[in-house]
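> sequence and predicted structure below; questions after.
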Amino acid sequence: MIMSLRAPPSSTSSSWSLFPLCPSMHSAFRARLPLSVAFSTRIVRCSLLQDQVSVNAGAASKVSDRNELRLGLPSKGRMADDTLDLLKDCQLSVRKVNPRQYVADIPQLSNLEVWFQRPKDIVRKLLSGDLDLGIVGLDIVSEYGQGSEDLIIVHDSLDFGDCHLSIAIPKYGIFENINSMEELARMPQWTADKPLRVATGFTYLGSKFMREKGLKHVVFSTADGALEAAPAMGIADAILDLVSSGTTLRENNLKEIEGGIVLESQAVLVASKKSLVHRKGLLDTTHEIIERLEAHLRAVGQFTVVANMRGNSADEVAQRVLSQPSLAGLQGPTVSPVFCKRDGEVVVDYYAIVICVPKKALYKSVQQLRAIGGSGVLVSPLTYIFDEETPRWQELLGKLGL
Ligand SMILES: Nc1ncnc2c1ncn2[C@@H]1O[C@H](COP(=O)(O)OP(=O)(O)OP(=O)(O)O)[C@@H](O)[C@H]1O
Ligand SMILES: O=P(O)(O)OC[C@H]1O[C@H](OP(=O)(O)OP(=O)(O)O)[C@H](O)[C@@H]1O
Ligand SMILES: [Mg+2]
């Protein structure tokens, strides 16, 4: 059964009504089975006929007195493997005894427990104080964090899980000539009695976005996957879902529209602010994780290039190298004399230059090196670039007021 979220009468209220939505029984259920959901607290109360059911979706946010630090990682789904691969590349391999065990550790980080959880539960548990750090998509942080000030994005671009959250509508029928959010909002079809039906797993972001775009009459239905089928099944008019290659939309005769992107997302490292401030050792561990992530992620896009160059002095060679736009390196070239023996004497005819070059600019850099007399160009991958203090660490301290 699909559940539907209906906007409250007042657009400023954070309360929504949740109705079971089954095409044939929708209105009957709507009239008889109201369920009220208060998203602003972590307690979800459902009143179903006479029964009172109370579900505690997480303890009130507090810093518990446990000593171990806790990092939440996705237990399944497309992010799970990429997250473990990234940590491994940062020399932070996760040691997991067996695949069904949900707790693990990272030998390099003592006193840190790794807990495998579904991405949305990672965010919930950060808010409830049961986790301190987590790696999930920004989409999940934004949807389930609901703008909480207790969540701090420590690293905002881990370079995987790239996608965007976007509105999509059918290419056919009444939507054939609709190509922007403004046009969608102006359609006369959407009224209080017959609102635009949007299928999504992102009801918090969706309702906020629709309000911002001026769509007053909207009703959301949720499902756990394959949302792209909803319009063709007659269950929804539009969908709000993640898009990466666009293939799923195309294959289901749906299109994105101008102004319809709610959020650009990729994997992020997120932390509980309370934990960072109060939990002993967490700030140091977070610093180490940021440094390792940055060192790896900066290196991924770069090659080390070594070349020999004839010259009269290191200064003169440096001048030549710096005259080329693609050869500046990180801070400038390292230029070292190459000593060789001629007629019994040690002489310097050549200088070795070492620079870092963005992978995308490699061929251009080799051409520029040759143009200024470079030869014997050696190219090798870079594993880590540890710079001076990372800007992200300074930013984090700023956000914590430290
Ligand atoms: N098509 C996509 N391309 C890239 N990243 C995506 C895509 N879809 C989702 N993501 C990112 O991966 C995260 C996990 O997605 P999701 O929970 O859908 O995993 P999954 O592998 O599809 O498993 P599930 O079966 O639970 O849907 C999302 O929150 C989002 O950040
Ligand atoms: O733009 P694309 O590259 O086609 O990717 C988009 C699809 O990927 C995700 O679905 P997923 O594969 O996770 O399946 P699901 O709906 O079962 O979660 C997302 O929900 C879209 O359906
Ligand atoms: Mg999915």
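Nice, I can see it. Ligands and ions are numbered 1, 2, ... in the order given.
> give the contact list for residue 75.
By C-beta atoms under 8 Å, 6 or more residues apart in numbering, the contact list for residue 75 reads 102, 116-118. Any C-beta I mention is one placed from the backbone N, CA and C, and that applies to glycine too.
> what distance do you get for it to ligand 1?
Noted for residue 75: a distance of 10 Å to ligand 1, by C-beta to the nearest ligand atom, to the nearest Å.
> for that residue, give me phi and psi.
phi -80, psi -20 (degrees, to the nearest 10).
> any idea how far it lies from ligand 2?
Residue 75 is 15 Å from ligand 2, by C-beta to the nearest ligand atom.
> in terms of pLDDT, where does that residue sit?
Predicted confidence (pLDDT) for residue 75: 94.
> nearest residue to it other than its sequence neighbours?
Distances taken as C-beta to C-beta, 6 or more residues apart in numbering place residue 116 nearest to residue 75, at 3.7 Å, with adjacent residues excluded.
> paired strands for the strand or helix carrying the one you found, with orientation please.
Using DSSP states H and E, residue 116 falls within strand 112-117. Partner strands and pairing direction for strand 112-117 (DSSP bridges) are strand 69-74 (parallel), strand 103-105 (antiparallel).
> let me know the next secondary structure element after it.
Trace forward from strand 112-117 with DSSP H and E and the next one is helix 119-128.
> flag every buried residue along that next one.
119, 121-128 (16 or more other C-beta atoms under 10 Å).
> quick one on the thing from earlier: switch the strands paired with strand 112-117 over to a markdown table; also include mean neighbour count.
Below are those laid out as a markdown table (neighbours: other C-beta atoms under 10 Å):
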| stretch | mean neighbour count |
| --- | --- |
| strand 69-74 | 24 |
| strand 103-105 | 15 |
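> how about CSV for those strands, with distance to residue 366 added?
CSV is the format used below for those (distance: least, C-beta to C-beta, whole Å):
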stretch, distance to residue 366
strand 69-74, 40
strand 103-105, 43
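> for this structure, just list every one of the helices.
26-32, 78-89, 119-128, 138-145, 181-186, 203-212, 230-233, 247-251, 273-278, 282-300, 314-322, 362-371, 391-399 (DSSP state H).
> which other helices and strands contact the longest one?
Using 3 or more C-beta pairs under 8 Å, 6 or more residues apart in numbering; DSSP states H and E as the contact test, the elements touching helix 282-300 are helix 78-89, strand 133-137, strand 151-155, strand 267-272, helix 273-278, helix 391-399.
> can you state the direction angle for the last one and strand 151-155?
The reference is to helix 391-399. 160 degrees (axes from the mean of the first three to the mean of the last three C-alpha atoms, to 10 degrees).
> who's in contact with the closest residue to ligand 1 within the stretch 151-300 of the chain?
The minimum distance from the stretch 151-300 of the chain to ligand 1, using C-beta to the nearest ligand atom, falls at residue 244 (3.1 Å). By C-beta under 8 Å, 6+ apart, the contact set of residue 244 is 162-164.
> show me what contacts the residue nearest to residue 75?
72-75, 80, 96, 102-104.
> any idea how many residues pack against the nearest residue to residue 174 once chain neighbours are set aside?
Closest residue to residue 174 apart from its sequence neighbours, by C-beta to C-beta, 6+ apart: residue 189 at 6.5 Å. Residues contacting residue 189 under the criterion other C-beta atoms under 10 Å number 12.
> before I go, just wanted to say thanks for your time.
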